[in-house]
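Enquirer: Got a sequence here, can you build the structure:
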Amino acid sequence: MSSEKSRIYLVVLLILICGIFLRFIQINFESYWLDEMVSFWIADPKISFEQTIIRNSYISQSPPLFDLILKYFFTIFNYDPYTGRYLNFIFGIISIPLLTILYLNIKKNYSFLLTLFLVCTNIYLIKYSQETRPYILIFLLSILNIIIYFKLNDLIGDRVKKNLLTFSFIIISIFNYSAHPFTLIILYSQIFHSLYLKIVYGKNSKLFLFSLFVIIIFYLAINYNY
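Expert: Numbers count the residues shown, from 1 in each chain. The predicted structure follows:
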């Protein structure tokens, strides 16, 4: 390994440690605020799945995906307000390298270090990683969705890998759009981008259109009541 690569790896490691530290320190410094109390109440592991959905539809302003994940997190661990914040702490850590991977899909040079630094030190991402609310999960799922979308567009041949990517794209998209309605902006953007690729470069968009059809059907079925 060259000395330059060794320095890059060291810088990446130090920034990652910094990002994890900033998300961990004072994670339970403040008590729950009102919206966190709502999530905690909805995700009570002692009530049934149906009661969780009813509570979510009664008071929450977003679909029940995060509340259900939180519910089963509490089931495995401890139903305690402080425990709930560690779920988003995990999501926050995972999102750091994923956003860097997304950037490297767009531009492959050392400027990814700036992206890594910004995502590690961004005050909003740090705060969302310390709240029992769905925002950092939305961020994580959105990154995954866009990464797979790019890979799906770039892949040529290899039908097995393409089918696997298509299946992954459908699943992640359904979860992403079921996390919050604002994520539908990504869906609209991908539709317009797919049309652009078709018109300008003549790229075949049949696979994306098939994925889009399946995603919309399942999204509506899962979130119909919401």
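Enquirer: which other helices and strands contact the lengthiest helix in the chain?
Expert: Scanning the chain for the helix with the most residues, using DSSP state H, yields helix 81-106. Counting by 3 or more CB pairs under 8 Å, 6 or more residues apart in numbering; DSSP states H and E, the packing neighbours recorded for helix 81-106 are helix 3-24, helix 34-42, helix 65-76, helix 112-121, helix 123-128, helix 135-154. C-beta here means a position set from N, CA and C on the backbone, and glycine is covered the same way.
Enquirer: at 7 Å instead, please
Expert: helix 3-24, helix 65-76, helix 112-121, helix 123-128, helix 135-154 (3 or more CB pairs under 7 Å, 6 or more residues apart in numbering; DSSP states H and E).
Enquirer: and the gap between L144 and F117?
Expert: From L144 over to F117 the distance is 21 Å, taken as CB to CB, to the nearest Å.
Enquirer: just to revisit the earlier point, of all the helices and strands packed on helix 81-106, which one comes closest to F182?
Expert: Closest approach to F182 among the helices and strands packed on helix 81-106 (CB to CB): helix 135-154, 7.5 Å.
Enquirer: Does the next helix or strand after the closest one pack against any helices or strands, and if so which?
Expert: Downstream of helix 135-154, the next assigned helix or strand under DSSP states H and E is helix 159-177. Helix 159-177 is packed against helix 135-154, helix 206-223, with contacts defined by 3+ CB pairs under 7 Å, 6+ apart.
Enquirer: quick check: angle from helix 159-177 to helix 135-154?
Expert: Per axes from the mean of the first three to the mean of the last three CA atoms, to 10 degrees, the angle that helix 159-177 makes with helix 135-154 is 150 degrees.
Enquirer: for helix 159-177, which positions count as buried?
Expert: Across helix 159-177, burial judged by 16 or more other CB atoms under 10 Å covers 165-166, 168-170, 172-177.
Enquirer: do the same with stretch 178-198
Expert: Buried residues in stretch 178-198, counted by 16+ other CB under 10 Å: 178-180, 183, 186-187, 190, 194.
Enquirer: So what touches it?
Expert: By CB atoms under 7 Å, 6 or more residues apart in numbering, the residues outside stretch 178-198 that reach it are 62-63, 65-66, 134, 137-138, 141-142, 145-146, 149, 153, 176-177, 203, 205, 208, 212, 219, 222-223.
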